[in-house]
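Colleague: Everything below, folded, please.
(chains A and B)
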Amino acid sequence: MKIAALGDSAVMVTLGDAPDAATVAAGCALVAALEARPMPGLIECAQANAGVTVFYDPARVSKRGGNTPFDRVCRWIEDRAPAPGQAAPQAGRQVTVPVCYGGEFGLDLEMVGAAHGLTADEVVALHSGAEYFVSAIGFIPGFPYLRGLPESLHTVRRKTPRTRVPAGSVAIGNSQTGIYPFETPGGWNLIGCTPWRLFNAYSSAPSLLQVGDRVHFKPITPEEYGASRSS
Amino acid sequence: MSRINVLRPGMMTTVQDLGRPGWQRFGVTPGGAADACALRLANLLVGNSEGAAALEITGTGPTLRFAEETLVAVAGADFDMSVGGARLPTWRPVRLSAGAELTFGAARNGLRCYLAVAGGLAVPRVLGGRGTHLAAGFGGFDGRALRAGDVLKIGPATAWAKRMIPTLAGADPMVAARWEVGAAVRPRYTAGPVVRVMRGPQWDAFNAAAQARFLGERFTVDARSDRMGLRLTAASAGLLGEPLPEILSEGIAVGTVQVPPDGQPIVLLAERQTVGGYSKIAVVASVDLPLLAQLRPGDTVGFSEVSVAVAQELWITGERLLATVKQGIALHAA
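Modeller: This next block holds a predicted model:
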């Protein structure tokens, strides 16, 4: 675990070199430990990939435990952090997301297949046959970065991003797959679309997924997609 | 409940507060006022809590009609603005009569000012905040910038505001307090600031020449800047040397200076994304963020290095000063 300043009001805690399942689970355990007994002045903890960013107000942190607010926050995090190996990798929640692949739902499915010498059905079988985990949520509200994409589906992003990607689009960007929560510009390759709503700002649990969740995709027909959308 | 009718919306006028922390793990930026210091002072001047919802007015301001007598305050950049042909004084409480029309023109210098009303703007809290998240389209007034015909509701004024209003009695449509928040307390806005920065997490990934040029040269604010970030261009192209590889996306903070492969830095402002994959050369000291929020295209900015300890001391000093101002304002209608 490494702690470094990110300006005067945040620190970045790095838990490993890569966002593998164990590192992400360690991040989840750290956030849980920090939030179980928050320090005065703590604003929030945000986990992404191999790191946790801890935001705080330097004017409100405790006066004890170091010379500067930064020193005191570092010490607090070190004191609270679960010992390495002590944090049993959490299983994460299991979520199975229905996806209607190809056609108008996934304009780039054929192209992704062609890039790897696969048929569209083979791409669907590979994509829906793998288990993924959420390593980060961003860049926009509710967008999950999913690790675990089979190597035979790794596909470079489009040279020119689309100005409009439909809400619910399931897409491949290099070694990751993700889901666009609402209509936005985007450069990933679209292979399908889920009828599920990934983000709802008016809910107390606004994001369908959270870091550490384990995700599977289940192929559905256009009819099932339509029925799920209207229900 | 008192109301404000939006007769003209201005270039971009949004409801903002001090943001909605707590949701970055789900990709939701805290957002809030770009110049939080001006928003806090405007609110204190009308007896609100410092994070009440107010209007962030950008570039060219709106025309607003106040249905009932209202205590208002404007802080931030200096705009042309008038009520009944008379200039509205800033950085102080002003009583507007029922039916008064407040007309904003263009910013004379700077970019953003804040209009606070006693009682705050009564828009619903979304994820704990009342500010507008423009990119995701929620919060504030219907998740968007104001339009002509919108009607904003005002919350109940505090006891302080109710005591202040009678001290500003008169027949004029506008009566201003004779005291103001002094210049020593306001951010020192300029079109060419040198802001203080701390080394960013990838500082060492930049070569010595790039580091020296980052701290030695001036950058020009590009027209593509917005609430998400200030896009800067260097006088010499590709200022920051060899393109750096993208890093694994990680957390970012407001004030982070990130350098995409074209070598032209972007300083992240209030409505920044929550994660980023560009190398972060520096992070601006919190106390200097208001200066950046007021820069407009063509303005220039330079950077000078301070330690984290110094930046934190500056912030703590500023917060102490604000607490003193708060006490002073309270005494004006004790």
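Colleague: hey, let's count contacts and neighbours off CA atoms from now on
Modeller: Fine.
Colleague: Quick one: name the residues of chain A near chain B.
Modeller: Neighbours of chain B within chain A, by Cα under 8 Å from any Cα of the partner chain: A:4-10, A:12, A:43-53, A:58-59, A:68-70, A:136-143, A:201-204, A:206-207, A:210-211.
Colleague: How about the residue nearest the centre of chain A: what's its closest non-neighbour residue?
Modeller: Against the mean C-alpha coordinate of chain A, by Cα atoms, centre = their mean, the closest residue is A:A136 at 2.7 Å. Nearest residue to A:A136 in three dimensions, chain neighbours excluded: A:A48, at 4.4 Å (Cα to Cα, 6 or more residues apart in numbering or on different chains).
Colleague: Identify the residue nearest the geometric centre of chain B.
Modeller: By Cα atoms, centre = their mean, chain B has its centre lying nearest to B:D35, at 2.0 Å.
Colleague: Which pLDDT value goes with B:D17?
Modeller: B:D17 carries a pLDDT value of 98.
Colleague: quick one, what contacts it?
Modeller: If you count contacts by Cα atoms under 8 Å, 6 or more residues apart in numbering or on different chains, B:D17 has them with B:G32, B:A33, B:L39, B:G51, B:A52, B:A53, B:A54, B:G129, B:R130, B:G131.
Colleague: And for A:T160?
Modeller: With contact set as Cα under 8 Å, 6+ apart, A:T160 has these partners: A:G187.
Colleague: My guess is the residue nearest to the centre of chain A contacts A:A46. True?
Modeller: No. The criterion here is Cα atoms under 8 Å, and A:A136 misses it with A:A46 at 9.4 Å.
Colleague: and for these two, which residues touch both?
Modeller: In contact with both A:A136 and A:A46: B:R25, using Cα under 8 Å, 6+ apart.
Colleague: okay, now residue 161: neighbour count?
Modeller: Chain wasn't specified; assuming chain A. By the measure other Cα atoms under 10 Å in any protein chain shown, the count of residues near A:P161 is 13.
Colleague: Oops, wrong one, chain B.
Modeller: 24.
Colleague: Report pLDDT for it.
Modeller: 97.
Colleague: Apart from its chain neighbours, what residue comes closest to it?
Modeller: Excluding its sequence neighbours, the residue lying closest to B:A161 (Cα to Cα, 6+ apart) is B:G47, at 5.4 Å.
Colleague: helix, strand or coil for residue 210?
Modeller: I went with chain A, as the question did not name one. Of the three states, A:Q210 takes coil under DSSP: H, G, I helix; E, B strand; the rest coil.
Colleague: Contact partners for residue 41?
Modeller: Because you didn't say which chain, this covers chain A. Contacts for A:G41 (Cα under 8 Å, 6+ apart) come out as A:Y56, A:D57, A:P58, A:A59, A:R60, A:V61, A:S62.
Colleague: wait, I meant chain B there
Modeller: B:E50, B:A75, B:W91.
Colleague: wait, the last one sits on B:R178?
Modeller: Right, B:W91. No. B:W91 is beyond contact range of B:R178, at 10.7 Å (criterion: Cα under 8 Å).
Colleague: okay, those two: which has more neighbours?
Modeller: Neighbour totals were compared for B:W91 and B:R178, and B:W91 leads with 20 against 10 (other Cα under 10 Å).
Colleague: follow-up on the earlier one: closest to chain A out of the contacts of B:D17?
Modeller: Taking Cα to the nearest Cα as the measure, B:G129 is the one of these closest to chain A, at 10.9 Å.
Colleague: Next, find the distance separating that closest one from B:G143.
Modeller: 12 Å (Cα to Cα, to the nearest Å).
Colleague: and if you look at B:T317?
Modeller: B:T317 is 35 Å from B:G143, by Cα to Cα.
Colleague: And those two? Which one has more around it.
Modeller: Neighbours were counted for B:T317 and for B:G143 using other Cα under 10 Å; B:G143 has more, 19 against 14.
Colleague: ok so, going back, please flag which of the contacts of A:G41 sit within strands.
Modeller: If you go by DSSP state E, those have A:Y56 in strands.
Colleague: Can I get the contacts of A:G41 in a markdown table including pLDDT and neighbour count?
Modeller: Shown next, in a markdown table, are the contacts of A:G41 (pLDDT from 0 to 100; neighbours: other Cα atoms under 10 Å in any protein chain shown):
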| residue | pLDDT | neighbour count |
| --- | --- | --- |
| A:Y56 | 98 | 22 |
| A:D57 | 98 | 17 |
| A:P58 | 98 | 26 |
| A:A59 | 97 | 20 |
| A:R60 | 96 | 14 |
| A:V61 | 95 | 17 |
| A:S62 | 86 | 16 |
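Colleague: Alright, calling it a day.
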